[in-house]
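J.: Starting from these lines, generate the structure:
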Amino acid sequence: MVSSTGDPPNPEVYEIHNGVIRSERYRAWVDEQNTGHIKILRRINFVTLITILRQITMMQRAGDQAPGGIRIYIPGSLQTIYSENLRSVIEFTEFCFNLKIAVITSDDAKDPSSRI
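T.: Residues are numbered from 1 along each chain as shown. All right, here's what the predicted structure looks like:
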């Protein structure tokens, strides 16, 4: 189902503060190199993921530089849950939007998204 504005229904409550989209379940932002980042904190559904991807690509297009791709950080505990379905979503998104997406397991202490 799609709303009258063309947006898919999304019960996820979020706020945007200083260019960072924040919710209980994820954080999303675009850095200085126009690379999008999505840090998944808790399990989200794929409608929410598609909505986040859409918001990130719109933020990238509003920038002065060419989009630098998107990095999705997933906790290791969710990696197996998302592996096959997420791969399908990424392949579809990369094909339709000609955009490079990387999935990174974020349990690493050197995770650059830990600052958000």
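J.: Could you say whether the residue positioned nearest the centre of the chain sits in a helix, a strand or coil?
T.: Centroid-nearest residue in the chain: Ile38, 3.6 Å away (criterion: Cα atoms, centre = their mean). Of the three states, Ile38 takes strand under DSSP: H, G, I helix; E, B strand; the rest coil.
J.: Would you confirm that it contacts Thr57?
T.: No. Contact between Ile38 and Thr57 fails when scored by Cβ atoms under 8 Å: they sit 11.3 Å apart. Any C-beta I mention is one placed from the backbone N, CA and C, and that applies to glycine too.
J.: which neighbours do these two share?
T.: Common contacts of Ile38 and Thr57 (Cβ atoms under 8 Å, 6 or more residues apart in numbering): Ile70.
J.: ok so, going back, OK, contacts around the residue nearest to the centre of the chain?
T.: Contacts of Ile38 (Cβ under 8 Å, 6+ apart): 26-28, 49, 52-53, 56, 70-73.
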